[in-house]
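Peer 1: heads up, no residue letters with this:
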């Protein structure tokens, strides 16, 4: 163990208080807003529960989407593929307050009837809003996943195959989308090679 | 717009309520627990604020780490590189309740003095706990990022370069770690190619 400011000062650099760049998966967050389906691109979301399955999404309070999620108590997390990079990015550049995005995609609804989803997306998670947490400039929407809708062609042994989806990954600092690379190791297994 | 159960029923498949597989960035979450630094691997975290910068981490309530974060009101989000895949995975396989992980890494502390960080990790975000949100089986820890600590060799034009970090990415369904692939498009730009 070492004290950072003594031992590490020559090697380490403190960039100050900021979100470090890391590979962020990209989703389109769907909600009905003012009676129409709307989609925004978001990279600040995470799985947040298993039984029942849950997801969390952090959205800037300035977004057009937020009011729609609260009103309908429903939203979707739609995973676009690399083939949809232009339209996904468009949904990040243009706010629903400025442009009607209801016809950008072929929209469908699931059991909640109020969380718009995207036919063109390989994977859609339909979510029931459970809680909104105030987090300063952002709100965190906690949702329970009620359906995960995909197509046979994206499955391997009955589960969504991440590689087949060709997911979009965002790197914030260089403002680039990346694709998923090659697999390098087995999870819950590689650790057995670690010698204590 | 189409009704899912009419138009899409032949094409779409509902896998039921579950977290879909998507590329999840991998971090080691650091906290002092019972007076010693401890690290667990986690893929359920996200950025959650800009000004001030914030992060959210969803941890199963069964984890050894949770009590330490609450006690010290501090934690770290340490980003391992591909070179650390074995030791990172080890920190996911073995609980701090069963093994002392305080000597697994060269540990250092920053300004909070109570959020252990990892010298070997390319990027460490030091976080002050702001709020714990009950989310059923999981707790969501909301933290303000107070320092982002890296090294010159991971920077490009003063910012962390995601590619240089060689981040670990987890795919849940196939239980594999992946590397980041090639860049495919410019974010906040590719959307200009979308024709409405």
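Peer 2: Alright, I've got the coordinates. Remember, predicted model here, so these are calculated numbers, not experimental data.

Peer 1: neighbours around residue A:36, how many?
Peer 2: Other residues near residue A:36 come to 16 when the count uses other Cβ atoms under 10 Å in any protein chain shown. (Each C-beta comes from the backbone N, C-alpha and C, glycine too.)

Peer 1: hang on, I meant residue A:196
Peer 2: 10.

Peer 1: Equivalent analysis for residue A:191, please.
Peer 2: The burial count for residue A:191: 20, using other Cβ under 10 Å.

Peer 1: do the same with residue A:180
Peer 2: 24.

Peer 1: and it, what does it touch?
Peer 2: A:162-163, A:166-167, A:169, B:23, B:169, B:171, B:178, B:180-181 (Cβ atoms under 8 Å, 6 or more residues apart in numbering or on different chains).

Peer 1: In strands, which of those residues fall?
Peer 2: Assignment to strands by DSSP state E places the following of these there: A:169, B:169, B:171, B:178, B:180-181.

Peer 1: In CSV, list those along with pLDDT and distance to residue A:115.
Peer 2: CSV is the format used below for the ones in strands among the contacts of residue A:180 (pLDDT from 0 to 100; distance: Cβ to Cβ, whole Å):
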residue, pLDDT, distance to residue A:115
A:169, 98, 24
B:169, 98, 27
B:171, 96, 25
B:178, 98, 29
B:180, 98, 30
B:181, 98, 30
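
Peer 1: Check whether residue A:138 really touches residue A:62, as I assumed.
Peer 2: No. Look at residue A:138 against residue A:62 with Cβ atoms under 8 Å: they stay out of range, at 9.6 Å.

Peer 1: Look at the two and report which has more neighbours.
Peer 2: residue A:138 (25 against 10).

Peer 1: Report the beta-bridge partner residues of that one.
Peer 2: On the basis of DSSP bridges, residue A:138 is bridged to residue A:60, residue A:135.

Peer 1: As a check, name the ranges of all helices in chain A.
Peer 2: Taking DSSP state H as the test, the helices found in chain A are A:4-7, A:65-72, A:85-93, A:162-165.

Peer 1: Adding distance to residue B:94, mean pLDDT and mean neighbour count, write those out as a markdown table.
Peer 2: Output for the helices of chain A, formatted as a markdown table (distance: least, Cβ to Cβ, whole Å; pLDDT from 0 to 100; neighbours: other Cβ atoms under 10 Å in any protein chain shown):
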| stretch | distance to residue B:94 | mean pLDDT | mean neighbour count |
| --- | --- | --- | --- |
| helix A:4-7 | 26 | 51 | 14 |
| helix A:65-72 | 39 | 98 | 20 |
| helix A:85-93 | 39 | 96 | 23 |
| helix A:162-165 | 25 | 95 | 22 |
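
Peer 1: Nearest to residue B:150, out of those helices?
Peer 2: Comparing the helices of chain A against residue B:150 with Cβ to Cβ, the closest turns out to be helix A:4-7 (12.4 Å).

Peer 1: Which member of the contacts of residue A:180 is positioned nearest residue B:189?
Peer 2: When those are compared against residue B:189 (criterion: Cβ to Cβ), the nearest one is residue A:169, at 16.0 Å.

Peer 1: Is that closest one in contact with residue A:23, as I believe?
Peer 2: Yes. The pair residue A:169 / residue A:23 is scored as a contact, 4.8 Å apart, by Cβ under 8 Å.

Peer 1: Overlap of the contact sets of the two?
Peer 2: A:178, B:23, B:169, B:180.

Peer 1: Can you get me a residue count around the third one?
Peer 2: Looking back up the chat, that one is residue B:169. Neighbour tally, residue B:169, other Cβ under 10 Å: 28.

Peer 1: got it, and residue A:152?
Peer 2: 9.

Peer 1: residues touching the closest residue to it other than its chain neighbours, list them.
Peer 2: Excluding the flanking residues, the one nearest residue A:152 by Cβ to Cβ, 6 or more residues apart in numbering or on different chains is residue B:13, at 6.0 Å. Taking Cβ under 8 Å, 6+ apart, we find residue B:13 in contact with A:149-152, A:155.
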